[in-house]
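In: Just a sequence and a predicted model for now, questions to come.
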Amino acid sequence: MAIDRAKITRQAETYMAQGRIDRAIDEFLKLLEDKPDDWNLMNRVGDAYLQSGRVPEAMDMFKRAGIGYERGGFAAKASAVFKKAHRTAPDDLDVCERLAELYRQTNMIKDAIQIHIGVAEAFTKKGLLKRALEEFAKVVELDPKNLKNKVKLADLYNKEGMKEKAAAIYLDVSEALALEQMHAEASQILERAKAMVSTPQVFLTQSRLAVIQKDLASAAAHLREGLAANPRSAEILDALAEVELQAKAPDRALEALAEVPQLPEKSLGLVERSLREMVRLGHVDEALKLFKPIGRELGRRGMGEAAARTLRSGLQGAFNAEAWIQMAEISHQSGNRTDQVDHLRRALAAARAKGDDEVAAAVRAQLQGMGISDADEAPAPTASQISGASSGWVASPLESAEHLEADAARRIQVQQLEREAEQAMRSRFMDRAHDAYAKILELEPANYQAIVRIAEIHRSTGILSKVQMHYVKHAEKLAALGNRALAVDLLDLAENLFPGSTRLYRRNLGLLDAPPARPASASAPAIPLPPPIEALPVAPLDLLPIQELEPIQELEAAHELPPIQELPPIIPLDLELELPAAVVPPPAPEPPIALEVPGWAPPAAPAAYPSQPDYEWSEITGGGADLPPLELEPLPFPTAPATPAPVPEDLVSWLADIDFQLDYGSPEEAKIEIDNALKVHPGHPELLKRLSAADGALARLGMPTPGAAAEPKPEYEASFFDLSDVLGDALLETGEGEEMHDATHVVEKIQSVDELFNAFREGVEQQVKGDDYETHYNLGIAYKEMMLLEPAIEEFKKAMRDPERTLECCSMLAICELAQNNPDAAAGWLRQGIGAPGFPPEDALGLHYDLGILLLGQGHRDEAMAEFRTVADQDPDYRDVAQMLHA
């Protein structure tokens, strides 16, 4: 059965405050036994063990807590716990390795390097040189730009007889030095590798160094020397073809490519470039002769379509009878009879056009041998053939012209960056990989692989909008450079993520597809118009003549009015008018009170209205002159808020560890971290603020702090209120006529216990938000302690909306149902918790055990034994499950 965790927690904290650490540890262990996956409590128990001087037990708790945090995805918390364990036991190699790995995950490279170096030194002292080399290799992997460390590691590998690893590092360093124009140092390092091994990588690196120095003849010579030591090496032959092509010798490049066993598809770009160069020089027949074994071998391997595209694009429309014959042979090797017949017919037409009767007869005989009777009929060109013959095969984005025609030194630099990016991807350093691929795109904006890899890195973060904007921004850059085809491909990828999101970008870049031309409609016959209507005859109308109106006599008389000056004069009237009384203006405002303020004179009182008599101020106030003067202090000028002090980068991780220790109840460890940080950053306000918090926490726990004496009787301060104490005090008050006061109004005392509880509960529910799951859970614990089971069940159900509290709430609900004598309901809650998704199996061990006890009490022994076996399979030492199975 589950225990009363809240009660035991209070008791343990009381023991800690009293300095009875061993008793507190016993109480904490009870809680851990009930909930073995409480990593916060486990870290707290480790601190208690460390405080009592029991280092082995503390280390065990720290390791378990750190591993639990790491498995749960809390890398920062795990690193803080393992850092504390490493400080406690620096020689514990297991802790060192785990801490270094966590530092790698959190991108704290310098700290990880220090840990690896310390572990390597420890292995060296113990004589475990191979283990020490592994740690040094991790240091080099974390800091790949440090060439000195790489050389030292290679020297150590050489001393231990690990020649291949040493040579690989020497070659990498040599190429990096050459890219930095340090050719003498690069040659010295290369000679070390050459003295150890004669692998193809040695000669490839040697040729790259020559290419960087613009010495193509020496580069080809080194590669031919490598072929002598490694015959038919695909890597060397491919590199030799590249060098010969750069040296304007496409025939030798095709010869080298023809010797490559199982020519990969990525090398077809070199084949195409070689064919184009030979066609440009006018050596079409020689180009076809050199390509013939390559095309035959590709067709035999089922890559006939790729071979045909390469030949069509390489010849750039310069097709003759021999070219069509080779196309037919490639189709024959691929098993495509239709294309074979079509190509042979074209070869026959080309031979006739050139007048080569011998070739025409041979092709006609081959067609007749295939059962084609109408061999002389010329085939109608299809749309694909027309586009292929006119424009050639469009290379894939990875093999675009800009990528293939790049400078050799730049290509070597790109290859170096690709290796760095792949190594960073393997080491899960996504930031480094992103930076390396970004540098590749600066050198080669059309590098399709780098574009896709950066998109994959963005996709791993789960932010698809970032992936979409990456495609869109790079499409804009490519469109500005004239690579419209690849820009359209990238916009299509962005469109697949969010349909309809790229139309505006396509319109701005001019990449919208032109609407297809509508077919011309057949001209319809003209509809004849009806003949015009003839004008209708107009019938004559008999109209009366206009009669003249007689003038109006009255209007004519109006013109004979007398002039204005002849009008009779106005008769004056002797009338007396009474004017209204003058409006009295409002009284003048009272003059301001004269205050004796230094440096300030009151403004003059406004002048009184004419109708208002002047009064003396003393007559109105009645002796106001006897009032004492009011003394005022001038206010300070407002100052701008102080900007927070800058936090250095090395202090950020320190502050994170300190905050973790303070949050999870380790103020003593936090104070140690603060003291160490203050030595490096004296007087930093962030550290001083946390020092004050740590001192306060130590004072509450009863531990002495510098400059402050320990309190005689420390009081336990819980993270939540004690509901039983609140209601208990209210229930003890039995007096009548009393009143309870809250913050806003006075409520008459409620007589019954139920009414008192309901009133308190309503007040709590008004203050607690629906999504404050922690408060609901604590309320449920408090109600359960008071045996108020129904409200406890309601609170636990609300708290169970938090997925992380599902198992705890199911356990508490089962306890409440059992207390109400509902074993079936309790079993249902336990089974619901066991079946909750998203939790590892070990988290449900307590629920399995409680369900087994419940079933055993109901008489279902077989089902109970099944639950106990489930627990024993994962943890045989869990509680007394072994005794239960053998009972």
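Out: Great, that's in hand.
In: Hmm, Val211 is touching Ala217, no?
Out: No - judged on C-beta atoms under 8 Å, Val211 makes no contact with Ala217 at a distance of 10.8 Å. From N, CA and C alone the C-beta is placed, and that goes for glycine too.
In: neighbour count winner among those two?
Out: Val211 (24 against 10; other C-beta atoms under 10 Å).
In: so how far is Gln246 from the more buried one?
Out: As for Val211, its distance to Gln246 is 8 Å (criterion: C-beta to C-beta, to the nearest Å).
In: Equivalent analysis for Leu441, please.
Out: 23 Å.
In: cool, and Leu491?
Out: Separation of Leu491 from Gln246 (C-beta to C-beta): 34 Å.
In: try Ala132
Out: 44 Å.
In: More neighbours: those two, which one.
Out: Taking other C-beta under 10 Å, Ala132 and Gln246 do not tie; Ala132 has more neighbours (21 against 17).
In: Skip the chain neighbours and tell me the closest residue to Ile3.
Out: Take Ile3 and drop its neighbours on the chain: the residue closest to it by C-beta to C-beta, 6 or more residues apart in numbering is Asp34, 5.0 Å away.
In: Tell me, how many residues neighbour the one you found?
Out: 18.
In: quick one: contacts for Glu774?
Out: Ala799, Asp802 (C-beta atoms under 8 Å, 6 or more residues apart in numbering).
In: Over to Arg87?
Out: Arg87 is in contact with no residue at all, counting by C-beta under 8 Å, 6+ apart.
In: please redo it, this time with the cut-off set to 10 Å
Out: Val95, Glu669, Ile672, Glu673, Asn676 (C-beta atoms under 10 Å, 6 or more residues apart in numbering).
In: just Asp238 next, same as before
Out: Applying C-beta under 10 Å, 6+ apart to Asp238 gives the contacts Leu204, Leu223, Ala256, Leu257, Val260, Leu263, Pro264, Lys266, Ser267, Leu270.
In: ChimeraX command for the buried members of those residues?
Out: In ChimeraX, this line selects whichever of the contacts of Asp238 come out buried by 16 or more other C-beta atoms under 10 Å:
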select :204,223,256,257,260,263,267,270
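In: Mind checking which of the contacts of Asp238 land in helices?
Out: With helices defined by DSSP state H, the entries of the contacts of Asp238 inside them are Leu204, Leu223, Ala256, Leu257, Leu270.
In: Which one of these is nearest to Ala799?
Out: Nearest to Ala799 among the ones in helices among the contacts of Asp238, counting by C-beta to C-beta, is Leu204 at 64.6 Å.
In: pretty sure that closest one contacts Ala234?
Out: No - if you go by C-beta atoms under 10 Å, Leu204 and Ala234 don't touch, sitting 11.4 Å apart.
In: about what we covered before: would you mind putting the contacts of Asp238 into a markdown table with pLDDT and distance to Ala241 alongside?
Out: A markdown table is the format used below for those (pLDDT from 0 to 100; distance: C-beta to C-beta, whole Å):
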| residue | pLDDT | distance to Ala241 |
| --- | --- | --- |
| Leu204 | 86 | 13 |
| Leu223 | 87 | 10 |
| Ala256 | 87 | 4 |
| Leu257 | 87 | 5 |
| Val260 | 86 | 8 |
| Leu263 | 85 | 10 |
| Pro264 | 86 | 12 |
| Lys266 | 83 | 12 |
| Ser267 | 85 | 8 |
| Leu270 | 87 | 5 |
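In: Pull the number of nearby residues for Val173.
Out: Val173 has 22 neighbouring residues, counting by other C-beta under 10 Å.
In: Is it correct that it is in contact with Arg192?
Out: Yes - Val173 lies in contact with Arg192 (C-beta under 10 Å); the separation is 9.4 Å.
In: overlap in contacts of these two?
Out: By C-beta under 10 Å, 6+ apart, the residues touching both Val173 and Arg192 are Val151, Ala154.
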